[in-house]
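Asks: Build me a model:
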Amino acid sequence: MKTNYVLYLVAMLLMACNEQPVQELATASTSEATLSTETTAELTDEQMEAMRQKCEAYYASLNVHDSVRVAYLNRILADNGSNLTANNRRFLTQLKQEFTNSNHRQPSLTIEQALFPVFKIPNQPLGIIGQPVPDMDRPNEFTDVSAEAALLQKWVGPDWANSAGTRLVHYPELLESVYPAGKPQVYLYTTNTARTSQIKELGYYQSECSEYYHYTFDEQVLQSGDEVLFASRLPLDLTYENNPAFDTWFKSNLIPDCADCPSSHDQAKSIAKLTGTENLYFMYADAFPDNQGLHTPLRALIAKDENGKWLYLWYSDIDNFGCSCL
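Replies: The predicted structure is shown next:
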C-alpha cells in the first residue's frame, strides 16, 4: 500500500535543507513538483524548461521557511495592537510559538495544536483529522513519528493499525491516559458560527490510498445545517464574510499544470477573517454534507502579505482522489 508519505517526500525536494513548511501543506496533492503529463506532451524543450522554472518558483512560494511566518505574525501583532481582541492575540501568539519551536521529530497531538481540521472522510463519521508525520531524517523508511502513532504504539501495541478490512477503529479509553482529569473542550468553527464541544475518542483510519487519525467529539452541540470546518482549543473572534477579491487573488496564484494530481484549490473560498486583521482569511473547499465530489476538500488560513504574495499559515486537506496510489 502506498501512503501519504510519498507526498511528504516530494515536498521535501522543494525545500532548502533548513526549511520547514506548514506540516499539513506538505501533504496536499498540489505539493508535487512535477509537470502534468498532458502539459509536458505539448511543450517544446524550451517551453518545458520555462515551465519547470515556473513550477519551482511556485512551490518555493508555498514552502517558505517558518521564520517568514514568524516575521509576518510579529508584524501583525505589532501593527494591529489596538484592533486585535485578546482572544485573537492569544491565538496568533500560540501560532507564532508553534512556528518558532517547530520540530518534526517531536510533534504534538493534533488536538494540542493551534488549529485542527474537521472533515467527513467519505462513508465515515465526522471527525477531527490528524495526519501521519514522516521521519524526515530517514525518508526512505516511511516511519510515522506523529504523537498519535507514539501513543497508539505505547498503549495498544505494535498491531494497532487496522486489520480484517476495518477501515476506522476507535480506542475509547486511550485518551484517558493523556487527560486523566477529563478530555479537553474544543471550539468548533462552522461556516457561520462557533460551538463548544468535548473530545471523545481517538481512532485510526486506513484505506488503500490514505490514512488518518480520527478524533470524535460530542456532536450533540451541533444544530441542523451546521457545516463544521475546523476546531481549536482557543476561542477565536471571527468576522464571517466572503471576500470575492481575496478569492480571485488566491486563484490567480494557482498553477494547476504543475501538479500530477487534481485538487480542489480552485474551488476554495474565503469564509471569515480574524477580527482586527486585514487580508488574513480562513478558506475552505467542501461539498456539504458529502464531500466525495471534490478531489481534495481543504481548510486553510492564508495571508496576503504586504508585497501581495500569499503565505500559508495553516493548511490541511483529505485526498479523495487517491494520489498516493499513483
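Asks: Where is the longest helix in this structure?
Replies: Counting residues, the longest helix in the chain under DSSP state H turns out to be helix 45-62.
Asks: Counting by contacts, list what that one packs against.
Replies: Contact analysis of helix 45-62 by 3 or more Cβ pairs under 8 Å, 6 or more residues apart in numbering; DSSP states H and E lists no helix or strand as a packing neighbour. (Glycine included, C-beta is placed from N, CA and C.)
Asks: next SSE after that helix?
Replies: Downstream of helix 45-62, the next assigned helix or strand under DSSP states H and E is helix 66-79.
Asks: Return the list of helices and strands in contact with that next one.
Replies: Using 3+ Cβ pairs under 8 Å, 6+ apart: helix 66-79 touches helix 86-100, strand 310-317.
Asks: swap the cut-off to 6 Å and go again
Replies: When contacts are defined as 3 or more Cβ pairs under 6 Å, 6 or more residues apart in numbering; DSSP states H and E, helix 66-79 sits against helix 86-100.
Asks: which residues touch the helix it packs on?
Replies: Asp66, Arg69, Val70, Leu73, Leu77, Ala114, Leu234, Pro235, Leu236, Asp237, Leu274, Gly276 (Cβ atoms under 6 Å, 6 or more residues apart in numbering).
Asks: got a list of what the third one touches?
Replies: This points to Val70. Counting by Cβ under 6 Å, 6+ apart, Val70 makes contact with Lys96, Phe99, Thr100.
Asks: quick revisit: adding pLDDT and distance to Gly293 as columns, could you present the contacts of helix 86-100 in TSV?
Replies: Below are the contacts of helix 86-100 laid out as TSV (pLDDT from 0 to 100; distance: Cβ to Cβ, whole Å):
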residue	pLDDT	distance to Gly293
Asp66	92	34
Arg69	94	32
Val70	96	37
Leu73	96	35
Leu77	95	39
Ala114	96	30
Leu234	98	32
Pro235	98	33
Leu236	98	29
Asp237	98	32
Leu274	96	30
Gly276	95	35
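Asks: Now list the buried members of those residues.
Replies: The neighbour count (16 or more other Cβ atoms under 10 Å) marks Asp66, Arg69, Val70, Leu73, Ala114, Leu236, Asp237, Leu274, Gly276 as buried among the contacts of helix 86-100.
Asks: Quick check: phi and psi on Leu280?
Replies: Here is the backbone geometry of Leu280 (degrees, to the nearest 10): phi -140, psi 100.
Asks: for Asn291, same thing?
Replies: phi -90, psi 20.
Asks: how near is the closest residue to it other than its chain neighbours to Phe282?
Replies: Nearest non-adjacent residue to Asn291, counting by Cβ to Cβ, 6 or more residues apart in numbering: Pro297, 4.3 Å away. Taking Cβ to Cβ, to the nearest Å as the measure, Pro297 falls 14 Å from Phe282.
Asks: returning to what we had before: most widely separated two among the buried ones among the contacts of helix 86-100?
Replies: Of all pairs drawn from the buried ones among the contacts of helix 86-100, the greatest distance, 25.1 Å, lies between Asp66 and Asp237 (Cβ to Cβ).
Asks: Ala57: neighbour count?
Replies: Ala57: 11 surrounding residues under other Cβ atoms under 10 Å.
Asks: And it, what's its pLDDT?
Replies: According to the prediction, Ala57 has pLDDT 86.
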